[in-house]
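Asker: pasting a predicted model and its sequence here:
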Amino acid sequence: RRKDPVSIWVRKKDASRNHVAFESEDDGGFDDEFFDEFEDINAEVQLYYIYKDTGILYGYTGTDSELVIPPEIDGVAVKGIAYETFRDHTELKSVVIPDGVTSIGMRAFYGCTSLSEITFPKTVTDFGENAFAGTKWFTVQQKENPLVVVNNVVIDGKKCVGDVVIPDGIIGIGDGAFEKCHRYDEQDYWNGYYEPSNCDITSITLPDTLKKIGAWAFYEFNVFDITEIAIPDSVTFIGESAFSGSSFKSINIPKNLTSVEQFAFCETDIESAIIPETVTSIGQSAFEGCYNLSEISVPDTVSAIGVDAFTGTKWMNDRIVENSLVILNGFLLDGRTCTGKVDIPADVKIICSAAFKSNKNITEVNIPDGVKGIECNAFEFCNSLETVNIAGSVETIGSLAFTVVLAMVYFSKKTEEARDMDMTGPLQFN
């Protein structure tokens, strides 16, 4: 059952093509009678489903062994293939992907065991994790060269051996390309790592032509004798969880990166994070759990820091010992160890997400002029809080900022954000 408008191409076995378009019912779905009738009418057809607003193909119910995906469906150009769109279509032997498609999603052709021939347009540069795993095509590619490359993007390198030098001209490393490669030493075994080693890589060198490292690219890459990786400054994007859980102790952040995505470096052994001035945002849990991370430098260009971005780092733990209010470039990151009355310093601009969450030891908070925003969950579950005074400079208050808080909250002006705020206690406007 679809909750959004659906477009369908119908191709009959006699090669004629008809198109059926329909809108969802008001309640967001279709009744069984409709689908029964539809299936009866269109026996022996194949169907394509596409999101009209994005051009992403997300469904296919045909049975052709040789498939040519149309470049346009109901006047909408096909721009991408979504998550598991063709998964387990074991009848597929060949697929032609049309020009204009730029992305192929996670496990898009996973389990298509008979698929041996794929024609890619040059426009595809974004490959999801395990997009072709389980296909004959992928097996052949790995045997020919364990560094599987399509359109100058490495889509898999897990079977590589020895010193891996990514060649010049490569512009991207696809999602999950080296994820969960692991080789443990004897001490790791005795420390509880019982999973057998599956990796014979001894080093990885990235080229200066590289621009993008995809999500999960080196997720849980744990090879005990590979402790560093040099990322060239040509890289402008590193996807979420790209290095999460890996054994790298040294990962440089490239000078042209524009954002640090969520979970990008969390739970690694890195000791330093020097963030360049090109970065404007740091995502949720970007460095969370990096217990050895003691040096952090964040430029003034960063205008957003996600929840728990530095939680669990040595840097954060040391700051908390020095001062229960941890402030970085105007961002109040943490106040969960504060007690009693809390006066927010004048240099704070943003109270970050979950900064005081579940702190049951604070009773009063005074937020001065100069603070621009209180982000989501900032004081959630602070159920000993009795009074909150909020200055007129506050422009935004995030969802659930004061949920399960019984405090009297005083505002110096009546804002839309205050009226719509989700909270338990009463509101007062001065």
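Answerer: Nice, thanks for sending it over.

Asker: doesn't residue 255 make contact with residue 279?
Answerer: No. In this structure residue 279 lies outside contact range of residue 255 using CB atoms under 8 Å: 9.7 Å. Just so you know, the C-beta spots here come from the backbone N, C-alpha and C atoms, and that holds for glycine as well.

Asker: those two - which one has more neighbours?
Answerer: Ranked by neighbour count (other CB atoms under 10 Å), residue 279 and residue 255 place residue 279 first, with 20 against 16.

Asker: name the SS class of that one, please.
Answerer: Judged by DSSP: H, G, I helix; E, B strand; the rest coil, the three-state class of residue 279 is coil.

Asker: next up, the contacts around the closest residue to residue 135 other than its chain neighbours.
Answerer: Nearest residue to residue 135, sequence neighbours excluded (CB to CB, 6 or more residues apart in numbering): residue 115, at 4.2 Å. Each residue near residue 115 by CB atoms under 8 Å, 6 or more residues apart in numbering is listed here: 89, 92, 93, 94, 95, 109, 132, 135, 136, 137.

Asker: distance of residue 273 relative to residue 217?
Answerer: Between residue 273 and residue 217 the distance is 18 Å, computed by CB to CB, to the nearest Å.

Asker: how about residue 247?
Answerer: Taking CB to CB, one finds residue 247 at 15 Å from residue 217.

Asker: who's more crowded, these two?
Answerer: residue 217 (25 against 20).

Asker: follow-up on the earlier one: pull out the buried residues from the contacts of residue 115.
Answerer: The neighbour-count criterion (16 or more other CB atoms under 10 Å) marks 89, 92, 93, 94, 95, 109, 132, 135, 136, 137 among the contacts of residue 115 as buried.

Asker: now those residues in JSON lines, with distance to residue 356?
Answerer: Formatted as JSON lines, these follow (distance: CB to CB, whole Å):
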{"residue": "89", "distance to residue 356": "51"}
{"residue": "92", "distance to residue 356": "54"}
{"residue": "93", "distance to residue 356": "59"}
{"residue": "94", "distance to residue 356": "58"}
{"residue": "95", "distance to residue 356": "53"}
{"residue": "109", "distance to residue 356": "47"}
{"residue": "132", "distance to residue 356": "47"}
{"residue": "135", "distance to residue 356": "50"}
{"residue": "136", "distance to residue 356": "55"}
{"residue": "137", "distance to residue 356": "53"}
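
Asker: strands along the stretch 201-350 of the chain, start to end?
Answerer: In the stretch 201-350 of the chain, the segments counted as strands under DSSP state E, counting those that start in this stretch are 212-213, 222-223, 228-229, 237-238, 250-251, 259-260, 272-274, 281-282, 295-297, 304-305, 326-328, 331-334, 340-343, 350-351.

Asker: can I get these in CSV including mean neighbour count, mean pLDDT and distance to residue 266?
Answerer: Output for these, formatted as CSV (neighbours: other CB atoms under 10 Å; pLDDT from 0 to 100; distance: least, CB to CB, whole Å):
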stretch, mean neighbour count, mean pLDDT, distance to residue 266
strand 212-213, 24, 98, 15
strand 222-223, 21, 88, 14
strand 228-229, 16, 94, 16
strand 237-238, 21, 98, 13
strand 250-251, 18, 94, 12
strand 259-260, 22, 97, 11
strand 272-274, 18, 96, 11
strand 281-282, 21, 98, 12
strand 295-297, 14, 96, 14
strand 304-305, 20, 96, 14
strand 326-328, 21, 97, 17
strand 331-334, 24, 97, 15
strand 340-343, 13, 97, 28
strand 350-351, 24, 97, 21
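
Asker: now for those, which one comes closest to residue 369?
Answerer: Closest approach to residue 369 among the strands of the stretch 201-350 of the chain is made by strand 340-343 (12.7 Å; CB to CB).

Asker: helices or strands next to the closest one in the packing?
Answerer: strand 362-367 (3 or more CB pairs under 8 Å, 6 or more residues apart in numbering; DSSP states H and E).

Asker: now for the strand it packs on, which elements pack on it?
Answerer: Here strand 362-367 touches strand 340-343, strand 387-390, going by 3+ CB pairs under 8 Å, 6+ apart.

Asker: off-centre distance for that strand?
Answerer: 34 Å (CA atoms, centre = their mean, to the nearest Å).

Asker: which outside residues touch it?
Answerer: So strand 362-367 is contacted by 335, 338-344, 351, 356, 374, 379, 382, 384-391, 394 (CB under 8 Å, 6+ apart).

Asker: what pairs with it, parallel or antiparallel?
Answerer: Strand 362-367 has the following strand partners under DSSP bridges: strand 340-343 (parallel), strand 387-390 (parallel).

Asker: give the buried residues for the last one.
Answerer: Just to be clear, that refers to strand 387-390. Counting neighbours by 16+ other CB under 10 Å, strand 387-390 gives 388, 389, 390 as buried.

Asker: got any ranges where the stretch 301-430 of the chain has weak pLDDT?
Answerer: Applying pLDDT under 70 to the stretch 301-430 of the chain flags the ranges 413-430.

Asker: could you rerun that using 80?
Answerer: 405-407, 411-430 (pLDDT under 80).

Asker: with pLDDT and distance to residue 149 added, can I get the contacts of residue 115 in JSON lines?
Answerer: Listed next are the contacts of residue 115 as JSON lines, based on pLDDT from 0 to 100; distance: CB to CB, whole Å:
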{"residue": "89", "pLDDT": "96", "distance to residue 149": "25"}
{"residue": "92", "pLDDT": "97", "distance to residue 149": "22"}
{"residue": "93", "pLDDT": "98", "distance to residue 149": "23"}
{"residue": "94", "pLDDT": "98", "distance to residue 149": "20"}
{"residue": "95", "pLDDT": "98", "distance to residue 149": "18"}
{"residue": "109", "pLDDT": "98", "distance to residue 149": "17"}
{"residue": "132", "pLDDT": "97", "distance to residue 149": "13"}
{"residue": "135", "pLDDT": "97", "distance to residue 149": "16"}
{"residue": "136", "pLDDT": "98", "distance to residue 149": "18"}
{"residue": "137", "pLDDT": "98", "distance to residue 149": "13"}
